[in-house]
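Colleague: curious how this folds, go ahead:
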Amino acid sequence: MRYLVVGALLVVALFGCAGKGGKPAEPKTSGFASADAKNVHDFLVKYPGVVMSGDVKAIRRLYTDDARIVPFLGNAVRPVKAGEMGRRLPEMVAAERAANLRIAFHEPIHIEAKGDRASAQVVADLTWQEQGKTRQAVMNCYFGLSRDENYLWKIREAHGEPVRPGFALPAQKAPLKPLPPRDRTLKGSKKTVRKVTGEPQPQAGPAAPPAPAAPPVPPDTGAPPEPAAPAGGQTPQPLF
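Modeller: Next comes the predicted model:
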């Protein structure tokens, strides 16, 4: 019996060692093209709940100071121009609460982020009360966002257009997977390495012909030198 127990323990130990030495699981991607895109997505997912809360201060923190937006209830509230957010926001929130506005965003949310700017497109279902009747609409919403000095995303532009019921955005392409590590066993083609020691020196040209030797100097005898013969071997002729 003791041998059976020892054998079972050895089998368990061997399987445990084999499990630890297995290939580690590959890291899962977040499904977003960048960390900024994920942060923008998290911001927009919380946006409907903040708007429907009716908290003016919390809603004000969603927008930049120069935000330009078209309210969801555009038939009751005119667009908010740049610089009017602080003054117009209480009026807009009061109109939405009076109409019991309900907002629901649908995935996917198309997000493009680059630097401190980002844009997003999302389909929203709206429900509100008007003259005692329930109204519904489907909106294709556009958001332009910017990141402030505290690295918080805020909306600087927002508007939407009505679309048919059942409208949906096409799924975005999945982000590219990171490249696998380089296989060190593979060797590339050999390349000739040229060593450069300095700037090329100018090459010397052909040697110049030697200069003609000077005629020998006659010895000094004390007699006056004879006149040199003219060219052509002719003797000098008198001028008169």
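Colleague: switch to C-alpha atoms for all contacts and neighbour counts from now on
Modeller: Noted.
Colleague: in stretch 163-170, what's buried?
Modeller: Buried residues in stretch 163-170, defined by neighbour count with 16 or more other Cα atoms under 10 Å: Ala168.
Colleague: for it, what is the average pLDDT?
Modeller: Confidence over stretch 163-170, taken as the mean pLDDT, stands at 77.
Colleague: would you mind identifying the next helix or strand past the strand or helix carrying Gly144?
Modeller: According to DSSP states H and E, Gly144 maps onto strand 133-147. Downstream of strand 133-147, the first helix or strand assigned by DSSP H and E is strand 153-163.
Colleague: other residues contacting that following strand?
Modeller: For strand 153-163, contacts defined as Cα atoms under 8 Å, 6 or more residues apart in numbering pick out 39-40, 43, 61-72, 137-148.
Colleague: give me the low-pLDDT residue ranges for this protein?
Modeller: Applying pLDDT under 70 to the chain flags the ranges 1-31, 75-76, 171-206, 211-240.
Colleague: show me the strands in the chain, by range?
Modeller: For the chain, applying DSSP state E gives strands covering 63-69, 102-114, 117-130, 133-147, 153-163.
Colleague: to Lys81, which of the ones you listed lies closest?
Modeller: strand 63-69 (4.9 Å; Cα to Cα).
Colleague: quick one, which of the strands of the chain gets closest to Met92.
Modeller: strand 63-69 (10.9 Å).
Colleague: next, the angle from that closest one to strand 153-163.
Modeller: 20 degrees (axes from the mean of the first three to the mean of the last three Cα atoms, to 10 degrees).
Colleague: what packs against strand 63-69?
Modeller: helix 85-98, strand 153-163 (3 or more Cα pairs under 8 Å, 6 or more residues apart in numbering; DSSP states H and E).
Colleague: distance to Lys133 for the ones you listed - can I get that in a markdown table?
Modeller: Shown next, in a markdown table, are those (distance: least, Cα to Cα, whole Å):
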| stretch | distance to Lys133 |
| --- | --- |
| helix 85-98 | 13 |
| strand 153-163 | 19 |
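Colleague: just the buried subset of the contacts of strand 153-163, written out for ChimeraX, thanks.
Modeller: Buried residues among these (16+ other Cα under 10 Å), as a ChimeraX selection:
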select :40,43,62,63,64,65,66,67,68,69,71,72,138,139,140,141,142,143,144,145,146,147
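Colleague: got a list of what Val77 touches?
Modeller: Contacts of Val77 by Cα under 8 Å, 6+ apart are 71, 92, 95.
Colleague: pull the number of nearby residues for the last one.
Modeller: Other residues near Ala95 number 16, with proximity taken as other Cα atoms under 10 Å.
Colleague: over to His106?
Modeller: His106, neighbours per other Cα under 10 Å, totals 12.
Colleague: residues in contact with the residue nearest to Tyr47 when sequence neighbours are not counted?
Modeller: In space, and not counting its chain neighbours, Tyr47 is closest to Leu62: 7.9 Å by Cα to Cα, 6 or more residues apart in numbering. Neighbour list for Leu62: 47, 154-155 [criterion: Cα under 8 Å, 6+ apart].
Colleague: same for the strand holding Gly144, what does it pack against?
Modeller: Counting by 3+ Cα pairs under 8 Å, 6+ apart, strand 133-147 packs on strand 117-130, strand 153-163.
Colleague: of those strands, which is nearest Asn100?
Modeller: Nearest of the helices and strands packed on strand 133-147 (Cα to Cα): strand 117-130, 5.4 Å.
Colleague: contact partners of that closest one?
Modeller: Here strand 117-130 has contacts from 37, 40, 99-113, 134-147, 167-169, using Cα under 8 Å, 6+ apart.
Colleague: repeat that for 6 Å
Modeller: 99-106, 109-112, 134-146 (Cα atoms under 6 Å, 6 or more residues apart in numbering).
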